[in-house]
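1. Below are the sequence and a predicted model for it; my questions follow.
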Amino acid sequence: MVDASFIMGAREELNAIITRMFYYDSLSFNFARNPYYAMTFTCVANNPNSSYIPSGYNSLRTTLLQNEKSNIEKLETIKSTWNSKGVSLSSDG
């Protein structure tokens with residue numbers, strides 16, 4: 001059985017690291033409302049034996065970006081209805 005004080009210490013350390021991530025790059029606190037933000041930690045927490053290492057700078061801007069672009073391009077069937085049904089775009093800043 002794992003000592004509860006260790007768990008609380010690990011949780012506090014993780015919270016401190018996440019907080020520093022926000023401060024280091026001046027991330028908006030609204031980022032914490034992003035559903036993918038929470039899903040990331042849930043996914044990792046549900047796989048405790050995983051040795052997952054987050055994607056790095058180069059893969060984020062090349063391979064993974066291309067993969068996501070391909071996923072978006074698959075939505076062409078929806079995009080083709082924009083002329084007849086209309087579309088709304090919004091931006092937050």
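-> Arrived safely, thanks for sending. Only a predicted model underlies this, so the values are computations on that prediction, with no experimental measurement involved.

2. who touches stretch 25-34?
-> Stretch 25-34 has contacts (C-beta atoms under 8 Å, 6 or more residues apart in numbering) with 21-22, 37, 92. (Each C-beta comes from the backbone N, C-alpha and C, glycine too.)

3. separation between residue 23 and residue 60?
-> Distance, residue 23 to residue 60, by C-beta to C-beta, to the nearest Å: 21 Å.

4. re earlier: mind putting the contacts of stretch 25-34 in JSON lines, pLDDT, secondary structure and distance to residue 70 included?
-> Rendered in JSON lines, the data for the contacts of stretch 25-34 read as follows (pLDDT from 0 to 100; DSSP: H, G, I helix; E, B strand; the rest coil; distance: C-beta to C-beta, whole Å):
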{"residue": "21", "pLDDT": "93", "secondary structure": "helix", "distance to residue 70": "28"}
{"residue": "22", "pLDDT": "94", "secondary structure": "helix", "distance to residue 70": "30"}
{"residue": "37", "pLDDT": "93", "secondary structure": "helix", "distance to residue 70": "23"}
{"residue": "92", "pLDDT": "79", "secondary structure": "coil", "distance to residue 70": "26"}
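
5. Sort out which of these are buried, if you could.
-> Among the contacts of stretch 25-34, none is classed as buried by neighbour count (16 or more other C-beta atoms under 10 Å).
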